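In: The sequence isn't on hand, but the structure is:
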């Protein structure tokens, strides 16, 4: 099986390296930026290009891992390939690729950063394909990488992407805000790290609703008033404090 | 050193067990509820009581781990003891205990649940004491349990408690909301667990502001509109989506 990797960002890099480690033959990397394409290509022993017309037409699988709004341009330029064309986006419907004969989606439900390696074996892979043949090939590739492989249609994938915004993007922003609070008062974020880990660990074995703690869930109005007083210099944080406390109280009525 | 544990909730239970494991001599457990007192007392081989007058007056250390608003009653009933009296609350000033000769605070900056054991060696312990003698004893006890021991005054402890609401209580509520989203559309929370772990892991080595991802930080208005459409049946989640997205955009201007 010959694979072309289209993109050189976080998802492309982690996915290409994980496939390479499983013995998959990656023949080429495309990126808008030739330096980026070359860097990833070198690490997986593939060719590099920044020219869409130069993409190898003989591959069995094309993995598009670029920004959502760049997918249409890529797919337009790959209309003539026979191999399976998949994108890796949570928010993009499978139909975006319908100009191809064989197409699908390989969406890793995980957050990637370049600096941090990740074991794909634990990454939930959500797959979807336009026909049985495409699905079979995609399953084969996904099962090489990861144990949790889910067949998820475009409608449900959109929901997972939304849930991930709450569970990851918004959560990280709360880490940012907690850092702001300690910084504002001359303390260090370091001291919060064990708490952050334990909070995430708890919900690996318990439903989050069953392990809610804090002043809002126990209706400790005194503490909530004191906290809001401390945030009087930080109106934005105060608003978020109020909105989330209200929502906690309502959830646990 | 003889220690009396006052309380039998999550903090009391974890703290008493950790002290016992370090060879500390816990002689007695008090709880409002004798069954609860007996249960914890049995596990650490101590006596149990639900009567404040029966608390052993000869101990070197009294650890008050009860609800914040119950602390004044306890301290009122222990005025005659000579040992060191400490509470474990993040939001309660040290002065609440000023009726005692020797008093202080031992605040573990962690979230505890009865069902899940925890290694105290990683739990940041924030200590404060009213005099050098009390501080020395408290340091000795804290260092037995944990490596990160911080001297933190009441003012700063209040800030840490507030930051913990953002980094733990509010974060857990976002897990609750992400669960609501997937449930609402017939999907399972299970699939989000690796993402939750990785999001917490990332900020152990990077500042959260440097690893923010998602539609809000990249100003992807299209995706944000689609997400809000999906939440049209869930106005509360939609409000939180808007408030947090606005805050992310503002933070990363």
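Out: Cool, the structure landed. Remember, it's a predicted structure, so these values are computed and weren't measured experimentally. Residues are numbered from 1 along each chain as shown, chains lettered A, B, ... in the order given.
In: which residues touch residue A:201?
Out: B:116, B:197, B:200 (Cβ atoms under 8 Å, 6 or more residues apart in numbering or on different chains). To be clear about C-beta, it is placed using only N, CA and C from the backbone, and glycine gets the same treatment.
In: Filter the residues you listed down to the ones in strands?
Out: Among the contacts of residue A:201, no member falls in strands (DSSP state E).
In: where along the stretch 101-250 of chain A do the helices fall?
Out: A:132-145, A:154-164, A:171-184, A:193-205, A:221-230, A:235-251 (DSSP state H, counting those that start in this stretch).
In: most tightly surrounded among those helices?
Out: Comparing the helices of the stretch 101-250 of chain A on average neighbours per residue, with mean count of other Cβ atoms under 10 Å in any protein chain shown, the densest one is helix A:171-184 at a mean of 23.
In: relative orientation of that one and helix A:221-230 in degrees?
Out: 70 degrees (axes from the mean of the first three to the mean of the last three Cα atoms, to 10 degrees).
In: Point out the other elements, helices or strands, that helix A:171-184 touches.
Out: Secondary-structure packing of helix A:171-184 (3 or more Cβ pairs under 8 Å, 6 or more residues apart in numbering or on different chains; DSSP states H and E): helix A:235-251, helix B:154-164, helix B:171-184, helix B:193-205, helix B:235-251.
In: now these in TSV, with distance to residue A:1 and mean pLDDT?
Out: Shown next, in TSV, are those (distance: least, Cβ to Cβ, whole Å; pLDDT from 0 to 100):
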stretch	distance to residue A:1	mean pLDDT
helix A:235-251	48	97
helix B:154-164	50	96
helix B:171-184	33	97
helix B:193-205	26	97
helix B:235-251	40	97
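In: The ones you listed: which one's closest to residue A:65?
Out: Of all the helices and strands packed on helix A:171-184, helix B:193-205 sits nearest to residue A:65, with 17.3 Å by Cβ to Cβ.
In: what angle do that closest one and helix B:171-184 make?
Out: Using the same axes, to 10 degrees: helix B:193-205 against helix B:171-184 is 160 degrees.
In: Identify the residues contacting residue A:167.
Out: By Cβ under 8 Å, 6+ apart, the neighbours of residue A:167 are B:174-175, B:178, B:192, B:195-196, B:199.
In: And those residues, which two are furthest apart?
Out: Taking every pair in the contacts of residue A:167 and measuring Cβ to Cβ, the maximum separation is 11.9 Å, between B:174 and B:195.
In: and residue A:193, what does it touch?
Out: B:203-204.
In: And residue A:81, by the same measure?
Out: The neighbourhood of residue A:81, defined by Cβ under 8 Å, 6+ apart, consists of A:55, A:57, A:59, A:62, A:100.
In: quick one: secondary structure of it?
Out: Classification of residue A:81 by DSSP: H, G, I helix; E, B strand; the rest coil places it in coil.
In: got a pLDDT number for it?
Out: pLDDT, residue A:81: 96.
In: same question, the one 4 residues further on
Out: As predicted, residue A:85 sits at a pLDDT of 98.
In: in a helix, that's where it is, yeah?
Out: No: under three-state DSSP, residue A:85 sits outside any helix and is assigned strand.
In: quick one: it from residue A:123, how far?
Out: Distance of residue A:85 to residue A:123, computed by Cβ to Cβ, to the nearest Å: 21 Å.
In: Between those two, which is the more surrounded one?
Out: Taking neighbours as other Cβ atoms under 10 Å in any protein chain shown, residue A:85 and residue A:123 compare with residue A:85 leading, 26 against 23.
In: Number of residues surrounding whichever residue of the stretch 51-200 of chain A sits closest to chain B?
Out: Closest to chain B within the stretch 51-200 of chain A is residue A:169: 3.0 Å, counting by Cβ to the nearest Cβ. Neighbour count for residue A:169, taken as other Cβ under 10 Å: 21.
In: Surely it and residue B:214 touch.
Out: Yes: at 3.0 Å, residue A:169 and residue B:214 qualify as touching, with contact defined as Cβ atoms under 8 Å.
In: shared neighbours of the two, anything?
Out: Contacts common to residue A:169 and residue B:214, judged by Cβ under 8 Å, 6+ apart, are residue B:248.
In: Now residue A:36: which helix or strand?
Out: Following DSSP states H and E, one finds residue A:36 within helix A:34-43.
In: Tell me the helices and strands packed up against that helix.
Out: Against helix A:34-43 (3+ Cβ pairs under 8 Å, 6+ apart) you get helix A:10-21, strand A:25-30, strand A:47-49.
In: Let's see that with 6 Å instead.
Out: strand A:25-30, strand A:47-49 (3 or more Cβ pairs under 6 Å, 6 or more residues apart in numbering or on different chains; DSSP states H and E).
In: hmm, back to that, any quick PyMOL command for the buried ones out of the contacts of residue A:81?
Out: One line in PyMOL is enough to select the buried ones among those; burial here means 16 or more other Cβ atoms under 10 Å in any protein chain shown:
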select buried, chain A and resi 55+59+62+100
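In: Please go through the contacts of residue A:81 and note which also touch chain B.
Out: Here nothing survives when the contacts of residue A:81 are matched to chain B using Cβ under 6 Å from any Cβ of the partner chain.
In: Any chance of CSV for the contacts of residue A:81, columns pLDDT and distance to residue A:209?
Out: Shown next, in CSV, are the contacts of residue A:81 (pLDDT from 0 to 100; distance: Cβ to Cβ, whole Å):
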residue, pLDDT, distance to residue A:209
A:55, 98, 48
A:57, 97, 52
A:59, 98, 46
A:62, 98, 42
A:100, 96, 43
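In: between the contacts of residue A:81, which is closest to residue A:46?
Out: Using Cβ to Cβ, the contacts of residue A:81 come closest to residue A:46 at residue A:59, 10.9 Å.
In: okay but the closest one is in contact with residue A:83, surely?
Out: Yes: between residue A:59 and residue A:83 there is a contact under Cβ atoms under 6 Å: 4.8 Å.
In: quick one: buried residues of stretch A:43-63?
Out: Per 16+ other Cβ under 10 Å, stretch A:43-63 contains these buried residues: A:44, A:46, A:48-50, A:55-56, A:59-63.
In: which of these sit farthest apart?
Out: A:50 and A:60 (22.6 Å).
In: Can I get the helices and strands packed on helix A:171-184 in CSV including distance to residue A:78?
Out: Output for those, formatted as CSV (distance: least, Cβ to Cβ, whole Å):
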stretch, distance to residue A:78
helix A:235-251, 43
helix B:154-164, 49
helix B:171-184, 33
helix B:193-205, 30
helix B:235-251, 33
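In: Which of the ones you listed sits closest to residue A:157?
Out: helix B:171-184 (11.8 Å).
In: who touches the closest one?
Out: With contacts defined as Cβ atoms under 6 Å, 6 or more residues apart in numbering or on different chains, helix B:171-184 is touched by A:162-163, A:166-167, A:170-171, A:174, A:199, A:203, A:208-209, A:212, A:244, A:248, B:189, B:192, B:237.
In: Of all the helices and strands packed on helix A:171-184, which one comes closest to residue B:4?
Out: Judging the helices and strands packed on helix A:171-184 by Cβ to Cβ, what sits closest to residue B:4 is helix B:154-164, at 22.9 Å.
In: Specify the angle between that closest one and helix B:171-184 in degrees.
Out: 10 degrees.
In: is helix B:154-164 anywhere near chain A?
Out: Yes: residues of helix B:154-164 are located near chain A by Cβ under 6 Å from any Cβ, namely B:159, B:162-164.
In: Which ones among the contacts of residue A:81 map onto helices?
Out: Using DSSP state H, no member of the contacts of residue A:81 falls in helices.
In: Can you lay out the contacts of residue A:81 as a markdown table showing distance to residue B:109?
Out: Below are the contacts of residue A:81 laid out as a markdown table (distance: Cβ to Cβ, whole Å):
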| residue | distance to residue B:109 |
| --- | --- |
| A:55 | 53 |
| A:57 | 58 |
| A:59 | 52 |
| A:62 | 49 |
| A:100 | 53 |
